[in-house]
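Asker: 3D model of this:
(chains A and B)
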Amino acid sequence: MSPKDGFGFSRRDFLKTAGAGSLATAVTAAGVAEAHAQAGVRALGPGDVPVTLTVNGRRIDLRIEPRVTLLDAIRNRADLTGNKRVCDRGACGACTMIVDGRTVYSCSTLAIEVQGKQIRTVDGLASANGTLHPVQQAFCDVDGLMCGFCTPGFVVSTIALLEKHPNPTPEQARKGLDGNICRCGTFVRVMEAAMAAATSSAGGVRRG
Amino acid sequence: MAKYSWPEKPTLLGTPVKRLDGPDKVTGRARYTHDINRPGMIYGKIVRSPYPHAKVVSIDLSAAEKAPGVKATLAYMKPGDEVHYQGDPVAAVAADTEERARDAARLVRVRYDALPQVSSEAQAMAADGPKWSTTQPNTRAGQRAETGDLEAGFRQAGHIVEQTYSTHVITHVCLETHGAVCEWDGDKLTAWVSTQGVHQCAQGFAQALGIPQTNVRVITQYMGGGFGSKFAPDSQGIICAKLAKAAKAPVKLMLDRKEEHLDTGNRPSAFAKIRAGVSSGGKLTAFDGQSWGTGGAGAGSGFPLPYLYQFPNRRRVHTDVYINAGQQRAMRAPGHPQGCFLTEILMDELADRVKMDPVEFRIKNAPPLAPNAQWIKYFQEGAKRFGWDKRHATGDPTPGPIKTGMGVSAHLWGGAGRGSQAHVDLMSDGSVVVKCGTQDIGTGTRTLVAIVAAETFGLPVSAVKPEIGDTIYPFSGGSGGSTTAASVTPAIRTTSVNALDQLFAKVAPTLGVTPDQLAAEGGRVFVRGNNSKGLSWKDACKLIGTEPISVDGKWEDGLSSSGTSGVQFAEAEVDIETGVVRVKRILAMQDCGLIVDKLTAESQAYGGVIAAINFALFEDRILDRVTGQMVNPNMEWYLLAGMSDVPKIDIVLNNMPERGVIGIGEPPTVSTASAIANAVRNATGATIRSLPLHPHKVLAALEQERAGGTN
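Answerer: This next block holds a predicted model:
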């Protein structure tokens, strides 16, 4: 195992914790999960319940079953299809989103438990006028993508990496991107893109 | 001189051009089949056999029909039908949400009579073993070939190696699973399909649904990986179309990860018991191989053997073995990684017998140099680049548990072009549209189309609008066999040349010259040899008038060819206490004729190498011998490399413009695994004759080596 980096714990460790949290909070009231968890459990559903998400700074009101994942809520109900569903169980990273500053596998996170949190997806990274985020631009410049299906997850993971480590060492970059899998084999150039984006933005990656 | 040729001094061809759809992919704007959401769309789910072998007794859809949100159900099999693998489709449902479709699928009651199942090649080949089918035998005679005089060959041999080698089954693991969105308008079907062949899919839908092919439109703007497994609508496409018809609503049916592993193809296993002879001077003399492998339930498992090297006297007899598992499909260089591994490990064993360096030994036995046979050159150049002279003899003498070694392997591929059609429109405002019914499966085809047209018209790539991925565009073949670039780019070139000729005819009178005196370069149309006498592209196009220049064309011979060669070197590190192998470096020497886009061509080679690292070290479809169930139908136990597993990779592409365009998607993935296995052998002195190089197998080989040798 490589030594733990500035994250304090690895992405995989974090997701294990997040997964356990999902189970606990899935059956508690929306938005105030922690308070209710302490006060006792109140069941929601079956059937649709109101869920409000803040995605890329925009409020999205949904009526969905409590079991719907963050990924499926956003893709199927809000038509934000940038992040992809690939393994559907937190192993490949294609669904990676940033929730309150931390990367999560949105396929393994319930929508109902991230209410009131700031959710960032690949769809909201470019400027309104279409200017790419420096990380997105770096992926295009060095051909850090092929079929492109893993790319949204890699882009989001890279942004999260550079927000933690504006000038990462190759070791830090590898570790930060180890939670994502590509089948076309773009890793070499994804790594180039991550390091190039770090250099081009000189420690000042714009927070999408 | 041929009517069509590539420009002698290209400005774009062979340069690094950024992928045109990069911005769409990095922003999430690119809509894959997975991302198509249609008004009123519902979701389909397939009910699959949990048994690897069984007879269907009954299918009861009544409970599913009554489930919340269900809009359609169908039985895909009927009572009495036999299922031949876990995941064989039996029935399907469609409901208003994905979650409810999954619920309803669980309510479909199928009764089965389980039958004995076969889950390994050994079980299938046992004399009194179970049968994979109640009607067909477990084996079938496959490839058979014999050349020369085998007995004489073995008489000439100073050394003989006799061993059994094998490779395992892997699945394609396309990140975008197979699937479709189907929408009917009367008897016309529009299908968004994750496919490597839009026109082939349209044909498949028409045949299976009994409608004219002209009533089917297939669209694939973006596609998340196929690797040979996505050429037809398959059961899920047909079921999707039928559910949409029954529900009178658009249906999305994308497979889940488990279904993807079970029912969308795999690379067959390969085994060979080989006896091979080498003269004491290091020349191969004889090869006698009995091979077998399984492509699953009723599918073949052939592969080339011996691979590449010149055995003057040889015999090969193959047997296809059937087991109760999903059928194989073409997978990135079908057959070659298997044949290459089986032959290349043998080659190192033979080289050791005659005490020759593996590179020198291969040069001595490789086919002679030719445009499509550059191996000897690559062995020599590659060895220099890689630092092969620092390679120690078999067995790293360094103390400590970490042993390092180097290995080498070679490969070949075809990649020929074939019929492909195109259409070019030049508008009076100067805009250029190029249409071709091919599809971009991640290889960069969309960008290649634009590059070739832009090169021909003397325009920047951004001035050309490529339209692909739809059956409304002219026919092009499926993206397989590394044939796409060699099929599509000649069609774009010929069609663009003809369109340009028509533009020259319109422009020539204005410039007071004949059309053949004109050239188009740098965004201008001008008199050859007198650059100042001409018009800007925009002004030239104003002369087109109201009716655009609209030209159909097709692939012509002379702009593409076939046959590539490649050599790869690997350096690997083995921890002899844990059996863990880490690849340190790969060098890939590769040709692909005329390089169209240097950037995407290199990406293809990187991708091929990394895919083969997965094949060598990580992925493995594991079937439980007792139940026949796949034990790792996911992405956490079906192992694939992550960023930390990827070594330093150097790609050396040999640009050979005189040969025309040749595909590069498959060749770079062929020889990596054998080079790694040979590096492990060089590091440890133990020969591992079967893939994958999992730690337990490495440790077993080391144990065997200590107990008296694996040689």
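Asker: For chain B, what's its nearest residue on chain A.
Answerer: Closest residue of chain A to chain B, Cβ to the nearest Cβ: A:Gly82 (1.9 Å). Using the backbone N, CA and C atoms, a C-beta is placed for each residue, glycine as well.
Asker: Run a quick neighbour tally on the residue nearest to that residue when sequence neighbours are not counted.
Answerer: Spatially, and ignoring its direct neighbours in sequence, A:Gly82 is nearest to B:Gly28 (1.9 Å; Cβ to Cβ, 6 or more residues apart in numbering or on different chains). A count of neighbours around B:Gly28, defined by other Cβ atoms under 10 Å in any protein chain shown, yields 25.
Asker: where's B:Ala180, which helix or strand?
Answerer: Assessed by DSSP states H and E, B:Ala180 sits inside strand B:179-185.
Asker: One more: B:Ala508?
Answerer: helix B:484-511.
Asker: What parts of the stretch 551-700 of chain B come near chain A?
Answerer: With Cβ under 8 Å from any Cβ of the partner chain as the criterion, the stretch 551-700 of chain B meets chain A at residues B:599-600, B:602-604, B:606-611, B:634-636, B:640-644, B:646, B:649.
Asker: what are the pairing partners of the strand holding B:Ala180, and which direction each?
Answerer: Applying DSSP bridges, strand B:179-185 is found paired with strand B:188-193 (antiparallel), strand B:251-254 (antiparallel).
Asker: Compare those strands and report which one is nearest to A:Leu177.
Answerer: Taking Cβ to Cβ, strand B:251-254 is the member of those nearest to A:Leu177, at 25.9 Å.
Asker: which residue sits farthest out from the middle of chain B?
Answerer: Within chain B, the residue lying farthest from the chain centre (Cα atoms, centre = their mean) is B:Gly512, at 52.1 Å.
Asker: Ramachandran coordinates for that one?
Answerer: Here is the backbone geometry of B:Gly512 (degrees, to the nearest 10): phi 70, psi 30.
Asker: Next one: B:Asp470 from chain A, what distance?
Answerer: Shown here: B:Asp470 relative to chain A, a distance of 18 Å by Cβ to the nearest Cβ, to the nearest Å.
Asker: bridging residues for that residue?
Answerer: When bridges are called by DSSP bridges, B:Asp470 pairs up with B:Ile219.
Asker: May I have the residues that are in contact with it?
Answerer: Contacts of B:Asp470 were listed using Cβ atoms under 8 Å, 6 or more residues apart in numbering or on different chains, and they are B:198, B:217-221, B:437.
Asker: What of B:His178?
Answerer: If you count contacts by Cβ under 8 Å, 6+ apart, B:His178 has them with B:194, B:229-230, B:234, B:236, B:254-255, B:260, B:264.
Asker: go again using 7 Å as the cut-off
Answerer: By Cβ atoms under 7 Å, 6 or more residues apart in numbering or on different chains, the contact list for B:His178 reads B:194, B:230, B:234, B:236, B:255, B:260, B:264.
Asker: Just to check, the last one is in contact with B:Gly228?
Answerer: Right, the one you point to is B:Thr264. No - look at B:Thr264 against B:Gly228 with Cβ atoms under 7 Å: they stay out of range, at 10.5 Å.
Asker: Which neighbours do these two have in common?
Answerer: B:His172.
Asker: Which residues of the stretch 401-550 of chain B lie near chain A?
Answerer: B:441-442 (Cβ under 7 Å from any Cβ of the partner chain).
Asker: so the residue of the stretch 401-550 of chain B found nearest chain A is in which element?
Answerer: Proximity to chain A, evaluated over the stretch 401-550 of chain B using Cβ to the nearest Cβ, is greatest for B:Gly442 at 2.9 Å. Per DSSP H and E: B:Gly442 is located in neither a helix nor a strand.
Asker: okay, which residue is most central for chain A?
Answerer: Geometric middle of chain A (Cα atoms, centre = their mean) lands on A:Met97, at 1.4 Å.
Asker: So for that one, what's the pLDDT?
Answerer: Reported pLDDT at A:Met97 in the predicted model: 98.
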